[in-house]
Structures are given as structure tokens and as C-alpha cells.
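Q: pasting the sequence and the predicted coordinates here, then a few questions.
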2 protein chains.
Amino acid sequence: MVAINQNYLKLPGSYLFSEIARRVAAFSEANPEKNLIRLGIGDVTRPLPAAVTAAMHKAVDEMASMEGFHGYGPEQGYEFLRSAISQNDYQARGVNIQPDEIFVSDGAKSDCGNIGDIFGLDNIVAVCDPVYTVYVDTNAMAGRAGDYDAESGRWSKLVYMPCVQENGFTPAIPKEKVDIIYLCFPNNPTGAVATKAQLKAWVDYANAQDAVILYDSAYEAFITGPEIPHSIFEIAGARTCAIEFRSFSKTAGFTGTRCAYTVVPKQLSRGGTSLNSLWNRRQTTKFNGVPYVVQRGAEAVYTPEGKRQVRENVAYYLNNAKVIRDGLQAAGLNVSGGTDSPYVWARTPDGMPSWDFFDRLLNQVQVVTTPGAGFGPSGEGYIRFTAFGDAAATKEAVERVKSIL
Amino acid sequence: MVAINQNYLKLPGSYLFSEIARRVAAFSEANPEKNLIRLGIGDVTRPLPAAVTAAMHKAVDEMASMEGFHGYGPEQGYEFLRSAISQNDYQARGVNIQPDEIFVSDGAKSDCGNIGDIFGLDNIVAVCDPVYTVYVDTNAMAGRAGDYDAESGRWSKLVYMPCVQENGFTPAIPKEKVDIIYLCFPNNPTGAVATKAQLKAWVDYANAQDAVILYDSAYEAFITGPEIPHSIFEIAGARTCAIEFRSFSKTAGFTGTRCAYTVVPKQLSRGGTSLNSLWNRRQTTKFNGVPYVVQRGAEAVYTPEGKRQVRENVAYYLNNAKVIRDGLQAAGLNVSGGTDSPYVWARTPDGMPSWDFFDRLLNQVQVVTTPGAGFGPSGEGYIRFTAFGDAAATKEAVERVKSIL
């Protein structure tokens, strides 16, 4: 008799955003005349940049011809895209990442989950709290998280690093020995950023412990502060201890177009084995590359017009973030994030539980947010607003929220 | 210190097609003037059908506008595509597969590998021999294959089901108890098909043992015999024991466009747990859906023009298969496959080792094939030709091969 993966049975309830969708659908059904404004899920709303769609049209035409047709591409991504990434996202910032250290994929979500394949099951995993739930759930599925305790909202084997207002939303290096450390800056959900000095401490720790940092910088395009690092590889020593995840989703609006990449430096090895070669083996065996048409679209992000158009989109969203941040602050809420990030993270009024505040905003003023508790125990008492909406609707949403504070 | 997944270190050498690519590159470098004909890797060469590229252009235009833009889609695939698949690939053949039993993905290779996530690590896995290597390698990576013995070319914990000329390339039900059974019909690499009676025996076995059949029917579009089942779900009882993998790669030429799907029936449960819900959890947590543009392209495969264009492409490749099959047979080779499959499977002359025959074809007449031994121990003494090339080049290749037999 076949045995299922018992770890799946330990997973609590449904995925956060499914629960939000359920509550929103129930409200809409009961109140079909009410106009909802969605500042919940971190999904972009602006069209793809014109440079991207022009490149995709051209690539579709190629695929329609004998001469231009592309079948299986390299699992790691086409050289044209890996080179463009290497030059623009790394070399241009003085970071030496070569094309064969870059693995193009269908999404940072996939990569953050699948990366676990190359690690043993007994590693101790540290996560920020609150956290992007994919890191936790994928480790739970693999059996690295131990058992879930519903009361505390914690897994027995995970090491939680609280990120709360009291510590400036910056995780402290754990006292326990940990092997795999997930970091995400600009942070989802708190919108916090890390300085070079803060990241340097992590890199030194990881190198000293032979740990590995899994660094999610999917939101780096939103960084405005000139001193804030965009990549972990701007930190000396990171090439021997870190893997970085990047995405075109939040920069060029690829959430429905699906392209991302993961950087595994050649110098990164553990137990004498190159992690670059392990990830290469994983990807060549269990993945077959990103659509040619999509890779051509991603390449166009690095053209002069593409860069300009992406900057415009990011500026549009950052302006929304400022509107949310300033508006909530003016209304007396305690807010952070939103300056180098599309996320504004606010304390709930009077310490209200975050799901209660979520329900209140939904039911009273029809604004959809994400309750902080959904991101982990230390997210309780906070709520996340995203800046990815329409500018006018975002303004309207902020006015609505202010009206009930 | 982080521990790597030690199972990766057990994997022998490189992926079959990397080794072929290496030998071909070495030959080409030494003989740049020689004209190679590639009948090795199973990659299509005909352009995407016009109905598909028209739909993709339209979808790219949508993505360029505020109104038509699509961000995150459902991880399981858009309803429009799941419905088209349900109606055309199943209901039209009298098979009741509903849209919520269909999970759209980026490829059957990914799904065949990732499906292992939902099963425990102690299951006994049975594979055909020769076999599509992804089934073996992904189980080895997960730790289900035991240890590799280089001499026999076998993994200690896998159950091998030889498929050779003597048994009509049909696997016999193993004497050992097995939990997970990979079947692939039309078969890669042998080109063999299974009758309804043969599949019924497997379904009955799996139901009796509470085993699960992982059924790869990526090549079903090549079936010409009216009695040959296209889906395992044409067999009574399969809904309680089988998962099916399908792909747009070999039918509509999507090898570089990336779209496939996996069917997990609602009635399929083990240990009281629905495998449909487990796979749904896996996909929603570790995958973020297929590009909207690609899903619109796949949907167009089911329009009247799309169907006609796909049939034309398949007929083109099947004619190549006939040319290969007839030519090699006329030259005295013992061949099978190629009638309901794009693969022709031939015995090497005089029992020559398959890598030797591969080298001879490459070096003497510059025809690239795939050595049977690369697919498993029982593939030794065979060689695979694929019908996915240009018709004129395929004819020329067959003449070249005949000239040295």
C-alpha cells in the first residue's frame, strides 16, 4: 500500500490567501452592491512594460516560423537572459556574479520551495517571524519543521526570529545553532530593509557556522536609499554562504507572466560539494526551463526603454505606498515600511487582533488587507497594506480607513 | 553546519542527454564541415500552430493594457483551460474527468518529478526498463531508490520491469509488492502501446494492493489504432488508483513554450487522504501557475483550427516515423515502435553495444540517435530514433544509416 507524505497532514488549515479570499467572497456575496478596494495580496496591477510586450510579440512570431522556432531551451535559462541579468543586476553594481551562477526559473515562490530538495532533512531552519509563509510551509512538507502547535502557531523544529517594532523589525542572530537561514529584504511583510552592517553580521555568522543563507530579494527594485544593499552579494563573504532569489514579478509586473532567477555562487560548497552543481542537477532533472517567449520578455526589461518603464511602474507603486503610509500615520496609526518597499506594515489600533481588524476594514469600509497574524505569531497586532493598486483607489481606500479610526 | 541531500551524491554521471550533447559537440568541433542530422533528443521542430500564436499575440496585447492585464492566476490553471481540457481530452472520449481534477503546469517533466513530494519515502517504486530517466533520477534524489550499482546499472530499492522484444515491450506485473508504478504509453523510449486489457490488469493490481499508478501519456496524440486507449481513465477502476500526466509539448509543439497538466481524480485516496487535495496543496504552496499568455495559447489547441493544425503536425511526424521504420527494416534492422509513437526502437546490428552503435552512426554518417543503454540496463542492444525532424533530413538520415548496414 502506498504511503502518503505524512508531513502534509501536519499543515494547519489553508493557505493564508485562500482564507482571505474566502472571507472576501462571503462578504461580496452578502453585499453585492459594495465596492471593494483590494490592498491585500501582493499582486501588481499595472500592464507589462511596452518594451516587454514588444519583445514577446516578436518572440511569438519567431515561434510561428520554421527558422525562428525554439524547442527545449537550456533548463538554466538562455544565455542571452543570464548575461543580461549578470551585467545589469550584478556587474553594474560592482558585484561579480557570472551567468553560470544564475538559474532562470518560473518564480521565486517555486525556487524558495524547491531549493529544499538539495539539503538534508535534519538541518535546523531559522525564519523571521512574521514571514512569507512559503518558507515555513515548504519546510514543513519536507519534514524539517517538526510538529505544529496550534496554540502558539509555531512548528517545533523551526527557529523563529521575531521581527517587531521593538527591534526595528530586524532579526537577531539566534542563540541556537541553525543551518539554513531565510532572510528577505526589503521584507515581506514588514517592508523593513537591512543595512550592509546588518547583513555582514549574518554573512559572518553563516560562514563561521557553515550555515547557508537563503536570501529573498524579490523586492529590491523598491529600494530608494542609496546605502541599502540590493543583493546579499554586495556583502564581502556572501559568495561562500548565500543563495539569492530574485523575480521579475514585482519589478516588471510578471506575476502572471512567470519569470525569476536564483543565484548560486560557484564558491558555495558544503561538505565538499558545490551547491551550484547540486542545484543544476535538481533543475536539469525536475524542470524544463522557462518559455522562450517569456525569457525574451524578461530580457527586454534590461533595454533602455524597459528600464525606464520599470522605473515608472515602481515609482507609481512607491507613490501609493507613500499615500498609505502618510494617510495612516496622519490618522494616528503606528506604521513602518513603505519607503523602500511596496508594503506598509501598521500596528492595529488599541492592540486589536489582526483578523478582527481585517474583518472590520472589510465589513465597515470594504478595504481588503492582510492580517499580520497570517504571517506568523509575531505578526499578531499588525496589518499589511500593499501599494500595488490603482492610485485613485488607493487614495480612496486610505480615506475610508481614516474615516473609522 | 548545513547538510546537503546525500542522495544527490549517489546519482551516476550526468543526465543522458548531456552526455550525448558532449559527444556531439566533440565530434562537431573536430569535424566542423560535417553536416549532422539529429534524430536523438525527442524535441519537436515544427513551428507552433497558427491558432496558438494568434491566441498568444492576443493575450500579449491584453497584458499590455490596464483592462486586460492578468497578475497571479490560479495555481491550478485558469478555468477556461481546465474546462477545455476536460471537454476535449476526456468528456469527448466518454471519460468523466472534471476541471477540478486537472492541474495545469509548466511541464510533464516537472510533474513526474514533483509528484513524489506527496508520497512517503519508504514506498517501493516500480519502473519499466528501459525508462524515461526522470522517473528514476527524481526518486533517487528523494531517497526512494536506495543505492546505485554501477555494474548492473540498477538502484537497489527500485523494482525494474524489463520491456524487451521477447515480451513485446510490455511490462509484467512484478512478483514483489510495489507501491508506486510508473507506466508510460505510448512508451518512451520503445514506442510500444498498451491495450485496454493490459492496462486493466494494472488497474486491478493497483486497486487490490492500494498502489498508485503514475501514468505518463505525453504521447497519446500519436496513437492511430482505434482500440488503443489514450488515457488510463478509459479503464474501469482507474479513478481510484491512477494519476495521469499529459503535455502540450509533443502534440502542439510546446517543448519551448511549456504547458502540461496532471489529472488527480477526486476518488483517489490513500490512508483516508485525498491525493487530489495533497497535490493541490503542493501546487498552491510550491508553484505559482503557468503564464497567462501560454495558457491562452494552449486553449487555442482545442479550437477547430488548432485541432486541425495539431493533426497536421502529428501526421507529419508520423510520416517521418514510417520512413525511419520502413527504411531500417528494409536494411535488415529489427525495429519496433513508430506506428503509434514518434519513437522507433531498433535492435543494434549483431548485438553491438548501444553506445558503440551510437558512436558509429555519429562518426561514420553523422546521424545523432539515443543509445538504448541510456534508458536502463534492458535498453542495451537497442537504439532510439525520433521522428521529430525535418522530413527531407529524416529521409537523408535513413539513407545514410542504410549505407553502413
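A: Arrived safely, thanks for sending. Numbering: from 1, shown residues only, chains lettered A, B, ... in the order given.
Q: can you list the domains in chain A?
A: The record's domain split for chain A, according to automatic domain parsing, is A:6-47+A:305-403, A:52-303.
Q: just how off-centre is the first one within its chain?
A: What it means is domain A:6-47+A:305-403. Centroid separation between domain A:6-47+A:305-403 and its chain, computed with CA atoms, centre = their mean, to the nearest Å, is 15 Å.
Q: ok, which residues in the stretch 101-250 of chain A are in contact with chain B?
A: When proximity is defined as CB under 8 Å from any CB of the partner chain, the stretch 101-250 of chain A approaches chain B at A:106-107, A:109-110, A:113-114, A:117-120, A:122-123, A:134, A:137-138, A:141, A:179-180, A:209-212. Backbone N, C-alpha and C define where each C-beta goes, glycine included.
Q: narrow those residues to those that are buried.
A: A:106-107, A:109-110, A:113-114, A:117-120, A:123, A:134, A:137-138, A:141, A:179-180, A:209, A:211-212 (16 or more other CB atoms under 10 Å in any protein chain shown).
Q: quick one: which of those residues sit in helices?
A: A:Lys109, A:Ser110, A:Gly113, A:Asn114, A:Val134, A:Asp137, A:Thr138, A:Met141, A:Gln209 (DSSP state H).
Q: if I pick the second one, what's in contact with it?
A: Translated: A:Ser110. A:Ala260, B:Lys286, B:Phe287, B:Asn288 (CB atoms under 8 Å, 6 or more residues apart in numbering or on different chains).
Q: buried among those residues? Make that a ChimeraX selection.
A: Buried residues among the contacts of A:Ser110 (16+ other CB under 10 Å), as a ChimeraX selection:
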select /A:260 /B:286,287,288
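Q: which two among the contacts of A:Ser110 are spaced furthest apart?
A: Pairwise distances across those (CB to CB) peak at 13.2 Å, for the pair A:Ala260 and B:Lys286.
Q: now whichever residue of the stretch 251-400 of chain A sits closest to chain B. Nearest residue, chain neighbours left out?
A: Nearest to chain B in the stretch 251-400 of chain A, going by CB to the nearest CB, is A:Lys286, at a distance of 3.7 Å. Excluding the flanking residues, the one nearest A:Lys286 by CB to CB, 6 or more residues apart in numbering or on different chains is B:Gly113, at 3.7 Å.
Q: which ones are touching that neighbour?
A: A:Thr285, A:Lys286, B:Val134, B:Thr138.
Q: just the strands in the stretch 301-405 of chain A please.
A: Secondary structure of the stretch 301-405 of chain A (DSSP state E, counting those that start in this stretch): strands at A:335-337, A:343-347, A:367-368, A:370-371, A:382-386.
Q: of the ones you listed, flag the one that's most buried.
A: Mean neighbour count (mean count of other CB atoms under 10 Å in any protein chain shown) peaks for strand A:382-386 among these, with a mean of 29.
Q: that older thread, show me the one of the domains of chain A that comes nearest B:Ala393.
A: Nearest of these (CB to CB): domain A:52-303, 12.1 Å.
Q: pLDDT below threshold where in the stretch 201-350 of chain A?
A: Residues of the stretch 201-350 of chain A that meet the criterion pLDDT under 70 are absent altogether.
Q: angles on the backbone of the nearest residue to A:Gln364 once chain neighbours are set aside, please.
A: Counting by CB to CB, 6+ apart, A:Ile404 is the residue found nearest to A:Gln364 once chain neighbours are left out, at 5.4 Å. Dihedral angles of A:Ile404 (phi, psi; degrees, to the nearest 10) stand at phi -110, psi 10.
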